[in-house]
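**Q** generate a structure from the sequence data that follows.
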Amino acid sequence: MSIHPSAIVSPRARLGENCFVGPYCIIGEEVVLGDGVRLESHCVIDGRTEIGAGTHVFPFVSIGLASQDLKYRGEPSETRIGSRCSIREFVTIHRGTEGGGMLTRIGDDCLLMAQAHVAHDCLLGDGVIMANAATLAGHVRVEDRANIGAYSGVHQFCRVGREAYVGGYSVVVKDALPFALSVGNHAKCYGLNVTGMKRRGYTKETIEALHHAFRLLLAARLNTSQAVAQIKEEITDSAEVAELLSFIETSERGVVK
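**A** A predicted model of the protein is given here:
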């Protein structure tokens with residue numbers, strides 16, 4: 001373990017093996033760092049915060065500080081960061097609140113680029129990428145391997161589906177569909193993210209099934225309920241299409257179309 005003399009580390013904090021704490025870092029008394037966590041200079045980690053093994057936190061990051069939600073009253077909520085994440089300069093991640101489940105969580109293998117913001121009670125899956133200055137309002141759920149472009153904002157209580165791609169400078173005010181490309185202010189859906197699907201090794205059959213489902217949903221002059229019924233009738237053997245339909249049917253804010 002290496003702790004720079006200028007760092008302030010509470011004696012009650014728990015640090016795993018081979019951690020590195022750089023100059024001028026501040027670590028609170030309820031913080032738990034997994035093995036091999038590396039904090040570069042000027043990081044502030046506070047509150048009931050746990051950071052998983054192998055995560056690399058770059059300078060001027062703050063994690064686990066009090067929520068900006070005006071309803072927050074100091075309740076002992078938590079922040080959990082997964083393993084092998086990369087959290088770049090000036091990222092801010094706030095703890096949860098009583099009104100949102102008491103937890104802000106980021107999964108494994110995530111990349112949060114410089115100046116990204118994760119607000120209170122957000123839940124991120126594994127492999128999520130947030131580009132520079134991407135912003136999540138409170139209570140946002142981002143599913144596995146979704147990609148949120150630079151300077152984009154996601155409205156509170158929205159969901160971003162699995163492997164969704166939100167283009168840069170977008171404003172998402174409804175649920176962004178899984179496997180889809182959504183871009184704009186306000187964001188519109190431009191169909192299946194074919195390039196991303198190919199890069200991640202999906203079969204030709206899966207891509208064709210999803211492509212057909214998106215054509216029915218977006219271009220067939222059907223309302224959402226009619227499109228869902230038509231998709232169920234025409235595509236019966238694709239797990240990914242079933243996931244898309246489940247996402248639509250469980251949406252509370254409506255979906256980006």
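
**Q** give me the neighbour count for Ser170.
**A** When neighbours are defined as other C-beta atoms under 10 Å, Ser170 has 24 of them. Yep, even glycine has a C-beta here, placed from its N, CA and C like the rest.

**Q** distance check, it against Glu234.
**A** 30 Å (C-beta to C-beta, to the nearest Å).

**Q** and for Leu210?
**A** 13 Å.

**Q** could you do Leu39 as well?
**A** For Leu39 relative to Glu234 (C-beta to C-beta), the value is 52 Å.

**Q** more neighbours, those two?
**A** Higher neighbour count among Leu39 and Glu234: Leu39, with 31 against 12, using other C-beta under 10 Å.

**Q** run through the bridge partners of that one.
**A** Per DSSP bridges, the residues bridged to Leu39 are Val21, Val57.

**Q** I figured it hits Gly22, correct?
**A** Yes. When contacts are counted by C-beta atoms under 8 Å, Leu39 is listed as touching Gly22 (5.7 Å).

**Q** now the strands for the stretch 151-257 of the chain?
**A** 153-154, 159-160, 165-166, 171-172, 180-184, 187-192 (DSSP state E, counting those that start in this stretch).

**Q** CSV please, covering those and showing mean pLDDT, mean neighbour count and distance to Thr224.
**A** Formatted as CSV, the strands of the stretch 151-257 of the chain follow (pLDDT from 0 to 100; neighbours: other C-beta atoms under 10 Å; distance: least, C-beta to C-beta, whole Å):
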stretch, mean pLDDT, mean neighbour count, distance to Thr224
strand 153-154, 98, 24, 20
strand 159-160, 98, 28, 16
strand 165-166, 98, 26, 20
strand 171-172, 98, 21, 17
strand 180-184, 98, 22, 14
strand 187-192, 98, 19, 12
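
**Q** and these: which comes nearest Val128?
**A** When the strands of the stretch 151-257 of the chain are compared by C-beta to C-beta, strand 159-160 sits nearest Val128, at 8.5 Å.

**Q** where along this protein do the helices fall?
**A** Remark: helices assigned in the chain by DSSP state H are 194-199, 204-219, 224-234, 239-249.

**Q** and the last one, what's buried?
**A** Of the residues in helix 239-249, those scored as buried under the neighbour-count criterion (16 or more other C-beta atoms under 10 Å) are Glu240, Val241, Ala242, Glu243, Leu244, Leu245, Phe247, Ile248.

**Q** show me the shaky parts of this protein.
**A** For the chain, no stretch is flagged by pLDDT under 70.
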